[in-house]
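[1] next come a sequence and a model predicted from it.
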Amino acid sequence: MGIELAIRLYRRRFAQPLHTAHGPWVWREGLLLRLRDSLGQVGYGEVAPIPWFGSESMAEALAFCQAQGDEWRCGEIPAALPATQFGLESAQADLAGQIARQKPAIPTDSLANAAICGLLPAGETALSVAPQRLAQGHQTLKWKIGVASIADEIRWLDQLMVNLPMNTRLRLDANGGLNLAQAEQWLVACDRINTNSQLATVEHLEQPLPPDQLAAMTALGERYQTAIALDESVATVAQLEKCWQQGWRGVFVVKPAIAGSPQQLEAFCQRHRPRLVFSSAFETAIGRRAALAIAARCSPAPEPALGFGTQGWFADDWDTLTPAELWDRL
Ligand SMILES: O=C(O)CCC(=O)C1=CC=C[C@@H](O)[C@@H]1C(=O)O
Ligand SMILES: [Mg+2]
């Protein structure tokens with residue numbers, strides 16, 4: 001036997017449905033992988049698809065992993081399975097001890113949350129949750145928009161900004177749910193805030209339009225001061241490269257867990273040195289550890305806050321477990 005492959009499915013419920021322009025997200029499903037060599041050494045990986053972002057489905061990932069039988073022969077993983085590429089390549093890296101040796105992307109001291117973006121719930125609730133995130137030490141916050149009416153959300157934005165310390169940075173994420181007129185309304189509001197020296201900063205407007213409107217987003221980037229970030233448009237390494245080749249030089253939000261091969265992702269980052277923000281795919285501690293290892297190697301300095309403020313969003317205690325404990329829990 002070469003390298004033994006074991007698979008465990010998981011399904012975890014969000015403590016509150018995560019509301020985005022894609023709709024409510026209630027259950028997070030994924031696969032945990034364990035590779036074990038002839039010496040009994042193990043490596044863990046996670047396959048955490050987000051099909052509506054353009055990754056493969058859970059069924060496609062499971063079918064590929066099950067087709068390997070109980071042995072991983074380090075074969076070719078189709079590029080159409082980016083979450084599976086991440087999961088298996090991360091497990092191989094973990095088995096080789098590469099992840100444990102990686103310097104952490106997040107400080108391990110009390111200042112950790114200053115390096116992490118705190119996630120706010122969509123809607124007016126963000127106004128009451130923001131002070132809690134600030135009290136936890138977050139200095140960058142992220143708020144999902146394109147869920148309620150634009151009039152309400154821009155009014156809540158103004159109420160939010162007047163109560164944020166001036167050194168706070170706010171990310172707005174539309175998940176591709178705006179039309180061009182709405183995106184311009186948002187950018188006018190963001191520029192109005194960002195030219196007011198008495199207010200905190202809107203760091204970027206994330207994926208204002210659907211992925212097929214790159215030219216329109218590029219044009220918006222030339223007309224407004226507030227940065228625009230692509231997320232759904234650049235979900236995989238292939239899409240990152242394509243948008244770079246098509247001239248995008250704004251912010252690239254990278255979710256390593258669904259981007260594909262970590263080696264190819266790192267090659268893209270080293271080759272182009274793009275303006276990157278690393279973001280969670282709401283993976284478990286196993287995928288998070290591998291994703292943060294990539295962020296530690298690729299983040300530009302000074303690095304923008306890591307979009308990994310996703311712990312505590314689930315109705316379970318898994319985020320307190322080590323990879324081995326999590327594996328045994330399933
Ligand atoms: O980026 C972050 O700060 C947290 C992760 C996050 O916002 C997301 C993760 C996965 C899917 C989406 O709901 C959302 C996003 O669009 O960025
Ligand atoms: Mg996003």
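    Sure, I can see it. Ligands and ions are numbered 1, 2, ... in the order given.
[2] and the pLDDT for the nearest residue to Arg275 once chain neighbours are set aside?
    The spatially closest residue to Arg275, leaving aside those adjacent along the chain, is Val251, at 4.8 Å (C-beta to C-beta, 6 or more residues apart in numbering). Every residue, glycine included, has its C-beta placed from N, CA and C. Reported pLDDT at Val251 in the predicted model: 97.
[3] next: Arg101.
    Looking at Arg101, its pLDDT stands at 81.
[4] with Ala301 instead?
    Per-residue pLDDT puts Ala301 at 65.
[5] show me the beta-bridge partners of the residue nearest to Arg275.
    Ala229, Arg275 (DSSP bridges).
[6] look up how far Glu241 lies from it.
    According to C-beta to C-beta, to the nearest Å, Val251 and Glu241 sit 16 Å apart.
[7] with Trp143 instead?
    Where Glu241 is concerned, Trp143 sits at a distance of 29 Å (C-beta to C-beta).
[8] more neighbours: those two, which one.
    Neighbour comparison, Trp143 and Glu241: the larger count goes to Trp143, with 25 against 16 (by other C-beta atoms under 10 Å).
[9] part of a helix, is the more buried one?
    No. Applying DSSP: H, G, I helix; E, B strand; the rest coil, one finds Trp143 to be strand, outside a helix.
[10] quick one, what contacts it?
    The contact partners of Trp143, taken as C-beta atoms under 8 Å, 6 or more residues apart in numbering, are Leu120, Ala122, Ala126, Leu157, Leu160, Leu170, Arg171, Leu172, Asp173.
[11] give me the pLDDT for it.
    Trp143 carries a pLDDT value of 98.
[12] find the nearest non-adjacent residue to it, please.
    Sequence neighbours aside, Leu120 is the residue nearest to Trp143 in space, at 4.4 Å (criterion: C-beta to C-beta, 6+ apart).
[13] in what helix or strand does the residue nearest to Gln246 when sequence neighbours are not counted lie?
    Nearest non-adjacent residue to Gln246, counting by C-beta to C-beta, 6+ apart: Leu214, 6.1 Å away. Using DSSP states H and E, Leu214 maps to helix 214-223.
[14] swap in Arg133?
    Here Arg133 is assigned to helix 126-135, by DSSP H and E.
[15] does that helix pack against any helices or strands, and if so which?
    Helix 126-135 sits against strand 116-120, strand 140-144, helix 150-162, with contacts defined as 3 or more C-beta pairs under 8 Å, 6 or more residues apart in numbering; DSSP states H and E.
[16] nice, that's everything, thank you.
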